[in-house]
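A.B. asks: model the structure of this input:
(chains A and B)
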There are 2 protein chains.
Amino acid sequence: MARTMTVIGDRWTVLILRDALRGASRFEDFHARLKCSRAIVADRLSSLVDEGVLSRELYEARPPRYDYRLTEMGRSLGPILMTMGQWAETWRPLADGSKFSRIHKTCGCAFQPVLTCSECGEPVRPGEVELIIPARKTELA
Amino acid sequence: MARTMTVIGDRWTVLILRDALRGASRFEDFHARLKCSRAIVADRLSSLVDEGVLSRELYEARPPRYDYRLTEMGRSLGPILMTMGQWAETWRPLADGSKFSRIHKTCGCAFQPVLTCSECGEPVRPGEVELIIPARKTELA
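C.D. replies: Purely as a prediction, here's the structure:
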């Protein structure tokens, strides 16, 4: 978990990832949505490329302009962002009462993500999980 | 998501939450597992109490000693930590090859968490979600 935090451990990074998951791919897209400094956007995009979460491709040579696309590693962060969004909706609702919604494109419904067990298929509830941590290196977990 | 990051946005905080989910409740438990300074542990515990994620209860008067217990809000962070752990196992495996495992106590099996749709019950895969964000305040999402 701490290893994951070194990748997504910043609120701007999380918002960039959220926008990338929604299809944003260019510097100006990310900057327009985040309303933070260009330096912050450039720094976070560069870190995400270094981590292997985004790939960077030149789409215009003069001046040089790049597309930032999620790699498979990056797309795999989707469930984390989804569970984070769900927690915030419940425990840190927006002051104006506005809400996000998620549509599951496959069935067409607005949905809540439910974490289930790969073996029995049932929902996994708090307190039903025993985590077994390797004896060494717990500080790196 | 950014609202969630202001609560869990630090690797030490994540490790404290992980240990709390595993049943740790006392300062010395957290400190012994984290191998960081006492000041860091004290600071993160105090922030988590302020956020409402942990509750603090006196269990010994002289000297004053406290139990830190997850609130319902805190237990609700479980799915986020589980999906973070799963991502790290796949994309940032430990150098010595050691792995975590999770047991679903209800069925007794080692399992992987699978994110499913509350409506159709099917797994939700990357690219199958459309996120609808309220028009205002995207920067606070």
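A.B. asks: which one in chain A is furthest away from the centre?
C.D. replies: In terms of distance from the mean C-alpha position of chain A, A:Arg62 ranks first, at 31.3 Å (C-alpha atoms, centre = their mean).
A.B. asks: C-terminal to the helix or strand where A:Pro79 lies, what's the next element?
C.D. replies: Assigned by DSSP states H and E, A:Pro79 belongs to helix A:78-91. As assigned by DSSP H and E, the chain's next helix or strand after helix A:78-91 is strand A:101-104.
A.B. asks: list the strands paired with that next one, with their directions.
C.D. replies: As defined by DSSP bridges, the strand partners of strand A:101-104 come to strand A:109-110 (antiparallel), strand B:129-132 (antiparallel).
A.B. asks: average pLDDT for the first one?
C.D. replies: By that I understand strand A:109-110. Across strand A:109-110, pLDDT averages out at 95.
A.B. asks: next secondary structure element downstream of it?
C.D. replies: Downstream of strand A:109-110, the first helix or strand assigned by DSSP H and E is strand A:113-117.
A.B. asks: need the contact partners of that next one.
C.D. replies: Residues from elsewhere that reach strand A:113-117 (C-beta atoms under 8 Å, 6 or more residues apart in numbering or on different chains): A:79, A:82-83, A:86, A:102, A:122-124, B:79, B:82-83, B:104, B:106-107, B:109, B:111, B:113-118, B:124. Yep, even glycine has a C-beta here, placed from its N, CA and C like the rest.
A.B. asks: same check on stretch A:12-28?
C.D. replies: A:7-8, A:29-30, A:33-34, A:36, A:40-42, A:44-45, A:47-48, A:53-54, A:65-70, A:74-75, A:77-78, A:81, A:84-85, B:1-2, B:4-5, B:126, B:129, B:131, B:133, B:139, B:141.
A.B. asks: run the last query once more with 7 Å
C.D. replies: A:8, A:29-30, A:33-34, A:36, A:40-41, A:44-45, A:48, A:54, A:67-70, A:74, A:77-78, A:81, B:1-2, B:5, B:131, B:141 (C-beta atoms under 7 Å, 6 or more residues apart in numbering or on different chains).
A.B. asks: mind listing what's buried along it?
C.D. replies: By 16 or more other C-beta atoms under 10 Å in any protein chain shown, the buried positions in stretch A:12-28 come out as A:12-21, A:24-25, A:27.
A.B. asks: out of the strands paired with strand A:101-104, nearest to B:Asp96?
C.D. replies: strand B:129-132 (35.2 Å; C-beta to C-beta).
A.B. asks: list the buried ones in that closest one?
C.D. replies: The neighbour-count check on strand B:129-132 (16+ other C-beta under 10 Å) flags B:129, B:131 as buried.
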